[in-house]
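In: what follows is a predicted protein model with its sequence.
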Amino acid sequence: MRKHGPQDWHGPSLVSVGGCAHIVGSTSRAAAVGDGQWRRLLDSHDRISWELIDRHRGTIVKSTGDGVLARFDAPSHALEFSLEFRRALAELGIQIRCGLHTGEVEIRENGDIVGTAVNLAARVEQAADDGTILVSSTVRDLLLGGQPHFSDRGEYRLQGFDQPWHLFALTE
């Protein structure tokens, strides 16, 4: 039997919950309100996201211009962040959609995260309806027995994935 040592480990990886949030209709909204007002809305978006990610024990991976990518150590933390973030931005008249998936991710030297789990979280977010928090079956399964309730959205063919994924929307 071969023993695995540090030399067999190819870099920092961890199981993490990836959360992607995106402002709905950002391009048309920016054109409608003008650059100055759009910058102020994005500044508010970023300030709120940073505060809430920290509050829910997450880590900011990066801003995507009109969204955010964050990682959390538990699906419940990611879900609580998503709910509070959606509510806070709604008060500013900003509608978002969120996607969550959990899996193993690789951490790059610059703090970015990569891997299939990250790509899947992004695809789940892209599949979400406006204003919806959509989660993969993996996230839903990890939250069984907890407080959140989900509606079954069925199977989705997500770009870049051969097999369909079962997705669920958070219901409040």
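Out: Yep, it's here. Residues are numbered from 1 along each chain as shown.

In: mind listing what's buried along stretch 148-166?
Out: Pro148, Phe150, Arg153, Tyr156, Leu158, Trp165 (16 or more other Cβ atoms under 10 Å). Heads up, the C-betas are built off the backbone N, CA and C, glycines and all.

In: any idea how far apart the tips of that stretch sit?
Out: Stretch 148-166 has an end-to-end distance of 17 Å (criterion: Cα to Cα, to the nearest Å).

In: rounded mean pLDDT for that stretch, please.
Out: Throughout stretch 148-166, pLDDT has a mean value of 95.

In: can you give me how far it is from the chain middle?
Out: 15 Å (Cα atoms, centre = their mean, to the nearest Å).

In: so which residues make contact with it?
Out: With contact meaning Cβ atoms under 8 Å, 6 or more residues apart in numbering, stretch 148-166 is reached by 76, 79, 119-120, 123-124, 126-127, 134-137, 140, 167-171.

In: among the buried residues of stretch 148-166, which two are most distant?
Out: Farthest-apart pair in those is Pro148 and Leu158; separation 21.7 Å (Cβ to Cβ).

In: CA atoms of stretch 61-68 as PDB?
Out: Taking Å, rounded to 0.1, in the frame of the first residue of the first chain, the C-alpha atoms of stretch 61-68 are listed here in PDB:
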ATOM      1  CA  VAL A  61     -13.500  35.700  -3.800                       C
ATOM      2  CA  LYS A  62     -14.000  38.500  -6.300                       C
ATOM      3  CA  SER A  63     -16.400  41.100  -7.600                       C
ATOM      4  CA  THR A  64     -17.600  40.400 -11.100                       C
ATOM      5  CA  GLY A  65     -18.600  44.000 -11.800                       C
ATOM      6  CA  ASP A  66     -22.300  43.400 -11.500                       C
ATOM      7  CA  GLY A  67     -22.100  40.600  -9.100                       C
ATOM      8  CA  VAL A  68     -20.000  38.700  -6.500                       C
END
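
In: whichever of the contacts of stretch 148-166 end up buried, select them in ChimeraX.
Out: Remark: buried members of the contacts of stretch 148-166, expressed as a ChimeraX selection using 16+ other Cβ under 10 Å:
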select :76,79,119,120,123,124,127,134,135,136,140,167,168,169,170
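
In: any regions of the chain where pLDDT drops low?
Out: 1-13 (pLDDT under 70).

In: try it again at 80.
Out: 1-14, 147, 172 (pLDDT under 80).

In: tell me where it has helices.
Out: 26-33, 35-55, 75-90, 116-127, 137-142 (DSSP state H).

In: perfect, I'm done here.
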